[in-house]
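J.: Build me a model from this:
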Amino acid sequence: MKIKPLSDHILIEPMAQEERSKTGIILPETADKEKPEQGKVLAVGPGRKLPSGKYIPMEVKKGDTVLFTKYGPNEIKIDDKEYLIAREEDVLAILE
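T.: From the prediction side, this is the model:
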């Protein structure tokens with residue numbers, strides 16, 4: 001299935017969390033893990049539409065690795081794989 005975000009929405013594949021804590025302790029699968037805050041952009045919408053009908057272009061593009069707000073994106077599941085859909089305002093930075 002192909003997903004095409006609308007407006008200023010972005011489809012993000014969350015990056016896997018590290019399996020170790022900062023002190024080197026290996027975390028089991030059952031451990032409470034924080035929501036991911038980084039991911040790879042898979043698709044972007046055309047941008048935010050102004051009342052005049054013109055679009056404000058997106059600053060992020062397909063393939064970018066981004067840092068986003070923890071609770072801003074919506075989680076979706078397609079074909080047993082989890083993705084996030086976020087608005088461009090939920091993206092805090094592009095990681096290089």
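
J.: so which strand or helix has the closest residue in space to E82 that isn't next to it in sequence?
T.: The spatial neighbour of E82 that comes closest, neighbours along the chain excluded (C-beta to C-beta, 6 or more residues apart in numbering), is E75 at 6.2 Å. Every residue, glycine included, has its C-beta placed from N, CA and C. Secondary structure here is read from DSSP states H and E; on that basis E75 sits in strand 74-78.

J.: Can you name the next helix or strand after that strand?
T.: Scanning the chain past strand 74-78 towards its C-terminal end, the next helix or strand to appear is strand 81-87 (assignment: DSSP H and E).

J.: pLDDT (mean, whole number) over the helix or strand following that next one?
T.: Sequence-wise, the next helix or strand downstream of strand 81-87 (DSSP H and E) is strand 91-95. Per-region confidence: strand 91-95 scores 93 on mean pLDDT.
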